[in-house]
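Peer 1: Mind folding the following:
(chains A and B)
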Amino acid sequence: MTTLDPVTLAVLNGRLEQIVDEMDATLFRSAFNPIIAEAHDASHGIYHRSTGETLAQGKSGLPIFVGAMAFAVKTVIEKAASDNDLADGDVYIFNDPWDGGTHLSDFRLVQPIYRNNKVFCWIASVGHWHDVGGAVPGNYNPAATEAFQEGFVCPPVKLFRKGEYQRDIQAMLEANSRLPLSLYGDLNAQINALNLGAQRLHAILDEYGDDIIDGAMMALKDRAEMLMRREIARLPDGVFAAIDYMDNDGVVDEALKLCLKITVNGDTMKLDFSGSASSCLGPINISKATTHAACYVAMKHVFDEIPANAGAMVPIEVIIPEGSVLAATSPKPVGGYTETILRLIDLVFQAIAEAAPQRTNGCAYGTINALSIAGRRTKTGAPWVMFSFFGGGHGGSFDEDGLQHGNAPISTATIPPLEILEAAYPIVFRQWALRPDSGGPGKHRGGLGAIYEIELLEESAHAFLFGERARTSPPGVLGGKAAAPNRFFYDVEGAEDRNIPPMASKIVGIPLKRGMRLRLETPGGGGYGDPKQRSRQAISADLNAGYISFDAAIQDYGDFS
Amino acid sequence: MSSWIVGVDVGGTFTDIFAINPKTGEVKTAKTPSTPSDQSIGFLNGLTSVANLESIDAVVHGTTVGTNALLERKGARTGLIATEGFRDVLEMRRRDRPRTWGLRGTFRPVAQRQDRKEVPERVLSDGTIEHPVDIEAVETAARDLASAGCEAIAIAFVNAYANVKNEQAAREAVMRVWPNAHITAATDILPEIREFERTSTAVLNAYLQPAMGRYLGRLQGTLGPDGATLLIVQSNGGLMTADEASRSPVRTALSGPAAGVVAARAVGLSAGYPNVIGCDMGGTSFDVSLIADGRTALAAETSIDFGMVIRAPMVEITTIGAGGGSIAWIDAGGMLRIGPESAGADPGPACYGKGGNRPTVTDANVLLGRINPDNPIGGELGCLDITSAEKAIRTAIAEPLGLSEVDAAEAIIKVANAAMAGAIRIVSIERGHDPSKFVAMPFGGGGALHAGALIREVGLAGALSPRYPGVLSALGANIADMRLDRVQTINAPLNELREGLLSELASRFWEEGSAKLANSRVPIEETCVEIELDMHYQGQTHSIPVRLPGDQLSSINFNADAVQIAFEAAYRTAFSRLLAGPPIRVMNLRVAVIGRRPPFELERLSPIGGSLELAQRGTRRVYADGGWHEASIFSRLELPVGARIAGPAILEQPDATIFVDPGLSAEVDRLGNIFMHPA
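Peer 2: Okay, the predicted model is just below:
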């Protein structure tokens, strides 16, 4: 390995980041399904040849993959080693969530980059496909008790063998999806991204030489580790704990407890999840790989200036109790992994608040609210699936109030324009608005959640929702109060009042007829600091804008006039 | 005796003038101090410094009034009338956040929530009017907003792109009760699908109307009722009339930079380089633009700041925080970094001697001998303080890295160059262009110091320094064409489009556009049209721009087969592989009507006479590639056509310094441009 001067390192750091960013951009522009193209539920990176550790990761992809993809690449490395079958031009494809992290919707393409007949490093592309079979269109099945009800499982298999495309693999994948055309488009777009990444990597390797690039990748990882140690060392030593809850697992209506104890010791940190609930029947289990990835995302939010590579996690030990909801194995359902990791991130913000008050924030809205509406067109009989995630408020922070209607901390997703949704599907929005009084009170108020009301224009359809935070609201920090909880209502034929799902925000197959409506009211963000310290000026500005009602102002802020 | 056409570019420090007399062939340039508190004063001073007001035919202006009002949030208090249930679309954005990592940062829309009113009305996505607009509610809302103190108002209804009737009716109603002309109906500006982008563009337009109207009114008052025609450069590089600019000020958000890109294109084309990368290096940033095959790359949408989205064709400008004043620093991990923090104008780089003690890119250039410390660019500063530059670099960079001061200075330049090269790669390689077919065109004061290094770093064919880099934007304003853009959302499969639909819409926009051009009092040689379709495979949400060949309606083929061929060619260029199966869809039709103005012969700027010997100003020690070199110094404007100079050399002129790196060669072309390339 070559030792590099800081100038060359700075130059190469930019070049490597540019390659992975460009892979992201290529996929977003050419993908078919809006979950990749608009919501950016995808990621690309460069990984270590033997450990699979992340060496560089695109900045615009889904943050959770930054941690998870290392496990996916590691899985392929082990598979290739045990088969003793790896060649230049091979590309593996798989969606196994227990070894590779996240859930079945995420298809990973993993490719070795060969130099001088040896693997130099790996590149990978992961993207969330629109539909991978299972019981529920769009694969958010809150009632699943086995992964087989969530979609089909694809172990690591070769999509390209020595550069030759395996059409029968594509055929197998397409045959298992409700939306084979979308799958075909996304698969092609991911291949585009890998081609581009390989081309750019070879170009920079030819330009600088393999040793220099190898040295740069290792040096950048060491640098991230060193920076993280410095930041941890600045925190006071001690133990900082938090407890939070999931509403239920979608199958059994019982709250699930999640515990975190953070121990800061010099320049190292321990994240211990002991005491968390045992693995559950429903689909909010997550694999160990996913738990690690969630810790990574939380740390990146707290220490946002640390570079995104494996070095950042070296000083941090993560303890995941066996048999818990955070250590799922096959065939436990994991489709709702997003909800569980959001809660882990909330735990980190709460636990670390006392140690790092300027770096934490009130918890964000804490649920992606995956809502799908599916049916057939009366005229043509063609199936349609509308699927989207919805936004909510961010928490207040040391400096200011939380952002209104932001995206989830695990993603950089944007929401499709309502006009695009109305043009593509037989639905009409009756409201798309901020939700007053939903932000957690505090010195710095949490941002507001949203209200979305949707009406069906077709004869009939079914709706599915996978949400959370209806029973335990997003908490505030350092005296800040909790936000308003998630709420979901739906019309029932012949009934005057709207229904609330028995599992609060998880439900499968609501029957809808023309003119019937769904209403989603998403949580705001938690407050930061004691509401008594909020300035009168800020309270009266909130009243003028209607962010808070007069009654809420009295209740939350007391005598403010 | 009206005869002059005057291009004016108002910058933060100077107002640049580039005047042409088409009858006599005379050219005049001038630089006068800008007057930020009322830009029209500096503007007038600039005009009168080159010609009598009576002798000016037309004034063409690249303005930063709109840009500054947006960046500084100094527009008018603006109200919004929205569809019932949707007034928060503006504040909810597309559910994004300012930064990927760290959940901090917030957003304050320019129209506050209490100034956003809802009225009963609804159009469905297919254009059906489900509820006609409640006119009384519109009038009440408008009256309330006016009495609350709003000075401008926007109207933006859901799905109005599919049927403008409700929104137009509401606009008529607002006009009856609104006390001024600052009214923007979103579909008048942008009849395109995507409610947030359309609403944001409309609201920002209304936000700018009062300030822009007042400013242009003052300028027109100065010019007099029968005086020169006032034309404004749009963000896409085309010109519009001042009246049009007062109505659609949002189209001027990048007016200033766009004028520079127009000039870069013209200079490149006349010198035989249709592929140009514009490199504008200012004090705090490095702005890159691209011209491929003589066509300027435009972006369909730009964010002025988080959540402040403007959807209108604009010159695509990629900005990185690496300007002359960008500060060099060592981060916690021991890595050398440049910017984004800048020393600005005050205190400025350490070498300005105004108390700045942190090293900047300019300080490094001074220490390496590349900038003449006794005669710096701009001429405001007497001479530069090398000792302070050296001290700043020693303390902040050289000592921590264990380097000598000059090696540290060269390291600063190297990292800055790498960042600039990255920006160039984004607009070239990442867009599928081969950099070896492009030349860099440096403008702004410092760009030409770095252009040589960028040739090597990115693998460009060379660098072309225009003869008058400092007044390039004023020149660009002077030679830009008139341009009117229209867009209409189609959103239908190509094979289901009614035959003739595209050509009928295009003809209608053409007629409207050419009538407007005819009324604008601007001499036009030829009127052309550009047709572009936003298209994709059904199922994709992003579109690619598909240009239909031809520049006259009569020669453009709108048949589905021809459109499909154009789409497939564009798709293959973008993503290398076509898809079998999915139908092709047309999202939007874009029509640009362009009035080509009589060409300006850049030959008029060519040097006359001169000799290499007379241009030489001795030599200076310059540090490059780890060692000192004795570099020849030349007075750039005195170099004759055909002169060849081997690097290392430095070419100086009042508003720029060109560094010819060792291993590069520079020659003066017939227009007086310097072309630098590997020897």
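
Peer 1: can we go C-alpha only for contacts and neighbour counts from here?
Peer 2: Will do.

Peer 1: Which strand or helix spans the residue of chain B most remote from its centre?
Peer 2: Taking C-alpha atoms, centre = their mean, the residue of chain B most remote from its mean C-alpha position is B:Glu136, at 41.9 Å. Using DSSP states H and E, B:Glu136 maps to helix B:135-148.

Peer 1: Now do A:Pro34: how many residues are near it, please.
Peer 2: By other C-alpha atoms under 10 Å in any protein chain shown, 24 other residues sit near A:Pro34.

Peer 1: Would you mind naming what in the stretch 351-500 of chain B lies close to chain A?
Peer 2: Residues of the stretch 351-500 of chain B lying close to chain A (C-alpha under 8 Å from any C-alpha of the partner chain) are B:411, B:414-415, B:418-419, B:422, B:430.

Peer 1: Over to the stretch 1-150 of chain B?
Peer 2: Counting by C-alpha under 8 Å from any C-alpha, the residues of the stretch 1-150 of chain B close to chain A are B:84-89, B:91-97, B:100-107, B:112-114, B:124-126.

Peer 1: at 6 Å what do you get?
Peer 2: For the stretch 1-150 of chain B, the residues in contact with chain A (C-alpha under 6 Å from any C-alpha of the partner chain) are B:85-86, B:88, B:92, B:94-97, B:101-102, B:106, B:113-114, B:125.

Peer 1: Dump those to JSON lines, plus secondary structure.
Peer 2: JSON lines is the format used below for the residues of the stretch 1-150 of chain B next to chain A (DSSP: H, G, I helix; E, B strand; the rest coil):
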{"residue": "B:Gly85", "secondary structure": "coil"}
{"residue": "B:Phe86", "secondary structure": "coil"}
{"residue": "B:Asp88", "secondary structure": "coil"}
{"residue": "B:Met92", "secondary structure": "helix"}
{"residue": "B:Arg94", "secondary structure": "coil"}
{"residue": "B:Arg95", "secondary structure": "coil"}
{"residue": "B:Asp96", "secondary structure": "coil"}
{"residue": "B:Arg97", "secondary structure": "coil"}
{"residue": "B:Trp101", "secondary structure": "coil"}
{"residue": "B:Gly102", "secondary structure": "coil"}
{"residue": "B:Thr106", "secondary structure": "coil"}
{"residue": "B:Arg113", "secondary structure": "helix"}
{"residue": "B:Gln114", "secondary structure": "helix"}
{"residue": "B:Ser125", "secondary structure": "coil"}
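
Peer 1: And those residues, which is the shakiest by pLDDT?
Peer 2: Least confident of the residues of the stretch 1-150 of chain B next to chain A in the model: B:Trp101, at 89.

Peer 1: Assess the claim that that one and A:Phe303 are in contact.
Peer 2: No. Contact between B:Trp101 and A:Phe303 fails when scored by C-alpha atoms under 6 Å: they sit 8.3 Å apart.

Peer 1: Which of the two has more residues huddled nearby?
Peer 2: Just comparing B:Trp101 and A:Phe303: by other C-alpha under 10 Å the higher neighbour count belongs to B:Trp101, 24 against 19.

Peer 1: on that earlier part again, now do the helix holding B:Glu136: everything it contacts.
Peer 2: Helix B:135-148 is contacted from outside by B:119, B:174, using C-alpha atoms under 6 Å, 6 or more residues apart in numbering or on different chains.

Peer 1: Skip ahead from that helix and say which helix or strand is next.
Peer 2: Using DSSP H and E, the first helix or strand after helix B:135-148 is strand B:152-156.

Peer 1: Just the CA atoms of that following strand, as PDB, please.
Peer 2: Extracted as PDB, the C-alpha positions of strand B:152-156 are listed here (Å, rounded to 0.1, in the frame of the first residue of the first chain):
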ATOM      1  CA  ALA B 152     -47.900  41.300  -5.300                       C
ATOM      2  CA  ILE B 153     -50.200  38.300  -5.800                       C
ATOM      3  CA  ALA B 154     -49.900  34.900  -7.400                       C
ATOM      4  CA  ILE B 155     -52.700  32.500  -8.400                       C
ATOM      5  CA  ALA B 156     -51.900  28.800  -8.700                       C
END
